[in-house]
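Engineer: this one's structure only:
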C-alpha cells in the first residue's frame, strides 16, 4: 500500500523550553498556517544581483510555478482546508481550517502546552508529515506551533540614574545626521505579540496620543503613522485600562518597547510614512510580516527582536524560510535593521559558548549593536554598551550589546574583515554587528502614558539606524536610492578605506562578555570589530561616501 504521508524535512522540534503538555487540542479550534512552497533557488550571498528588483520582478523570477501552487492547493483542500491567499512573492500559501483538518493533513500531534513565560499555547513536538502527493513541493508548514520566537527586553531608566536622556535633537547633532525630514520615504517597524489563543498574555498596544505628545514636546511635526495588522491587531489605551491591573502591567511593559520604536522614527523622520506591522511572535509571524513588508518596499524595516540563532526552539525549515524572507527584502532594496541583542556574548543560552542572535546574524540584514556614554562632562566618551553582569537581569540597569561570529551562516565574500570566533572549531561565520548606536546610558528621551519614560537597549539602536537610512535615501541621487546597505559598507570608497570606516565613528573601548556564562566576549579595537562593527554613524559623512 502506498505511503499516504511523508516526514517534512527540517520540521522536527523538541518540546518548547520549560513547557509541559496540559491537554488535547479542541478538534474544532480554528488554525491558520503558512505553507512554504518549493520555489526557484535564491542566489547565494555572493551572487546577489547588483540591481534592486521590484516586488513584482522578484515574484516573477523566484515565485513557485502556477502548476505547483495548484497541486498544493488542491491537495490541501481535499483534507477540508481553506486556501486563504497566495503570498505576494508566490513562495507561500496561507491556509486555514479546524485543528482536526490540520491534523489529518499534517499529522503534527497538536496539543495545548503551558510554560511560565507564555501561559497556554498551541504546540507540537517531533516532526510534521505532509501528504505524499505534495512531497517535494512543500518546504515548510509554519503556525501549527505558537511558541514564542521573538523576544526583546525593556531597558527602563533606573531610579538612581541621573544622566539626562538624549533627545532627537541631541541624537541628530551627536551622529551628524544630514538635514531633511524624510519626505517621500517609507519606514517600516516590526512588532511581535502574543497570539490570541494564548492563555496568559495579550497583544501589544499602541498609543497614538503618546506619539503626538512626544513629537510636540520635541517641537517636531507629528508624522503619518499607519498600523498594519498582519495577524494581530494592537490594543487601544481604553482596552488596556479595562484589563485587570496585573495583566495591564504586562501589556504596558511590552508596549513601552513599541512606543520607543515608533517615537524614535517619528521624531527623526517627521515627513516619512511610517508603517507599524503587528504579527504573532511565532515562526509564522516572522514569515508573514516579511512577506507584507517586502511587497510594500519601504526603504528600511526596523526589527528590535531576536533569539539565539542556535536555540533548539527554531525548526530548521522555519529558520531557512525566515532567512529567505530577509533575502527577498534585501533583493528589493529594503535594508532590514536588526538589533544585535541585549544579553552580550551569551545570548541567554545555558552553556559556556558564545552565541549571536537571529535574525541579526543573517547576511541579509544590517545588524546593529549598542554603545553607551562613559565618564562625565568633557571627559565623556562613547564606548561599547556593557552594564554588569553583561546581560539583562531585570533591574533596569544591566545588559550588553550582542555581537560575535555566526555558527550557522558563512561569512559572505563582501564582508572583508577578519574576526575569529571565540568557539573552538567554529566556522568563519557572518560577523555581527555591522554598525552600532546608543543603547545604554544616558538612554533615549521618550513618552509613555503622557509621562517621560526613558528607554534604550539595542532595541533603540535599530530604529535610529532605520531613520538615518531614510534620511540618506532621500538625499541620494535617484540612481543610488533603495539599495541594500550592508555590502556597501565593506566596499572601498574613500581615502579612509571602506565606506563603513568613512561613514562611522570608530568605537575602540569595551567588550560584551556576559557573566557567568560564557564569562568572555569580543573586544572593541581600532577599526572593525565584533561588538560595534564599523562604529556609530556619522550621517553626513556616510551620505557623502555613498
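Structural biologist: Alright, I've got the coordinates. What you see is a predicted model, and the numbers here were worked out from it, not measured in a lab.
Engineer: Where does the prediction get shaky in the stretch 151-300 of the chain?
Structural biologist: Across the stretch 151-300 of the chain, the ranges flagged by pLDDT under 70 are 154-162, 195-201.
Engineer: where along it do the strands fall?
Structural biologist: With strands called from DSSP state E, counting those that start in this stretch, the stretch 151-300 of the chain shows them at 186-193, 224-229, 273-280, 300-303.
Engineer: Isn't residue 509 up against residue 386?
Structural biologist: No. With contact defined as C-beta atoms under 8 Å, residue 509 does not reach residue 386; the gap is 10.1 Å. Just so you know, the C-beta spots here come from the backbone N, C-alpha and C atoms, and that holds for glycine as well.
Engineer: ok, longest helix in this structure?
Structural biologist: helix 245-268 (DSSP state H).
Engineer: Quick one, which of the strands of the stretch 151-300 of the chain gets closest to residue 62.
Structural biologist: Between residue 62 and the strands of the stretch 151-300 of the chain, the shortest separation by C-beta to C-beta is 19.1 Å, and it involves strand 300-303.
Engineer: Helices along the stretch 401-546 of the chain, start to end?
Structural biologist: When secondary structure is read from DSSP state H, counting those that start in this stretch, the stretch 401-546 of the chain shows helices at 458-475, 486-489, 499-503, 539-545.
Engineer: in the third one, what's buried?
Structural biologist: Residues of helix 499-503 classed as buried: 499-503 (neighbour count, 16 or more other C-beta atoms under 10 Å).
Engineer: and the helices of the stretch 401-546 of the chain, which is most packed in?
Structural biologist: Highest mean neighbour count among the helices of the stretch 401-546 of the chain (mean count of other C-beta atoms under 10 Å): helix 458-475, with a mean of 28.
Engineer: can you give me the mean pLDDT across that helix?
Structural biologist: Taken as a whole, helix 458-475 has an average pLDDT of 98.
Engineer: Please renumber the chain so that the first residue is 330 from this point on.
Structural biologist: Noted, 330 is the first residue going forward, which turns the last one into helix 787-804.
Engineer: in the stretch 680-829 of the chain, what spans have low per-residue confidence?
Structural biologist: Looking at the stretch 680-829 of the chain by pLDDT under 70, you get 705-708, 823-824.
Engineer: circling back to that earlier point, neighbour count: residue 838 and residue 715, which is higher?
Structural biologist: residue 715 (26 against 15; other C-beta atoms under 10 Å).
Engineer: gap between the more buried one and residue 848?
Structural biologist: Taking C-beta to C-beta, to the nearest Å as the criterion, residue 715 is separated from residue 848 by 13 Å.
Engineer: Also residue 415?
Structural biologist: Look at residue 415 and residue 848: by C-beta to C-beta, they are 49 Å apart.
Engineer: which of these two has more neighbours?
Structural biologist: residue 415 (19 against 13).
Engineer: now the residue nearest to the more buried one when sequence neighbours are not counted, what's its secondary structure?
Structural biologist: Among residues not flanking residue 415 along the chain, residue 422 sits closest, at 5.8 Å (C-beta to C-beta, 6 or more residues apart in numbering). Here residue 422 is recorded as strand under DSSP: H, G, I helix; E, B strand; the rest coil.
Engineer: Give me the pLDDT value at residue 422.
Structural biologist: In this model, residue 422 is scored at 98, pLDDT.
Engineer: Would you confirm that it contacts residue 400?
Structural biologist: No. Using C-beta under 8 Å, residue 422 is not in contact with residue 400; the gap is 11.4 Å.
Engineer: Give me the more crowded residue out of those two.
Structural biologist: Legend: neighbour count by other C-beta under 10 Å for residue 422 and residue 400, higher for residue 422 (22 against 17).
Engineer: Tell me where the stretch 380-529 of the chain has helices.
Structural biologist: Shown for the stretch 380-529 of the chain, the helices assigned by DSSP H, counting those that start in this stretch span residues 384-391, 395-406, 428-435, 497-503.
Engineer: Any idea how far stretch 842-853 is from the middle of the chain?
Structural biologist: 23 Å (C-alpha atoms, centre = their mean, to the nearest Å).
Engineer: And the contacts of it?
Structural biologist: Contacts to stretch 842-853, defined as C-beta atoms under 8 Å, 6 or more residues apart in numbering, come from residues 672-675, 678-683, 712-713, 715, 717-720, 729, 732-733, 748, 751, 836-841, 858-861.
Engineer: OK, contacts around the closest residue to residue 618 other than its chain neighbours?
Structural biologist: In space, and not counting its chain neighbours, residue 618 is closest to residue 608: 4.1 Å by C-beta to C-beta, 6+ apart. By C-beta under 8 Å, 6+ apart, the contact set of residue 608 is 519-522, 559-561, 614-615, 617-618.
Engineer: Let's see that with 10 Å instead.
Structural biologist: Applying C-beta atoms under 10 Å, 6 or more residues apart in numbering, one finds that residue 608 lies in contact with 479, 519-522, 524, 557-561, 614-619, 621-622.
Engineer: how far away is it from residue 433?
Structural biologist: Counting by C-beta to C-beta, the separation of residue 608 from residue 433 is 27 Å.
Engineer: What does the pLDDT read for residue 646?
Structural biologist: Looking at residue 646, its pLDDT is 97.
Engineer: and it, how far is that from residue 344?
Structural biologist: According to C-beta to C-beta, residue 646 stands 18 Å off from residue 344.
Engineer: More neighbours: which of these two?
Structural biologist: residue 646 (22 against 17).
Engineer: how close does the more buried one sit to residue 418?
Structural biologist: Note on residue 646: its distance to residue 418, by C-beta to C-beta, is 17 Å.
Engineer: and if you look at residue 335?
Structural biologist: In terms of C-beta to C-beta, residue 335 sits 26 Å off from residue 418.
Engineer: can you check residue 523 too?
Structural biologist: From residue 523 to residue 418 the distance is 27 Å (C-beta to C-beta).
Engineer: before we move on, what about residue 847?
Structural biologist: Distance check for residue 847 against residue 418: by C-beta to C-beta, it reads 39 Å.
Engineer: Equivalent analysis for residue 816, please.
Structural biologist: Per C-beta to C-beta, residue 816 is found 22 Å from residue 418.
Engineer: Identify the residues contacting the spatially most central residue of the chain.
Structural biologist: Nearest to the geometric centre of the chain sits residue 632, at 3.5 Å (C-alpha atoms, centre = their mean). Going by C-beta under 10 Å, 6+ apart, residue 632 touches 479, 481, 517-521, 590, 606, 615, 618-619, 622, 655, 665-668, 688-689, 694-695, 697, 788, 791-792, 795.
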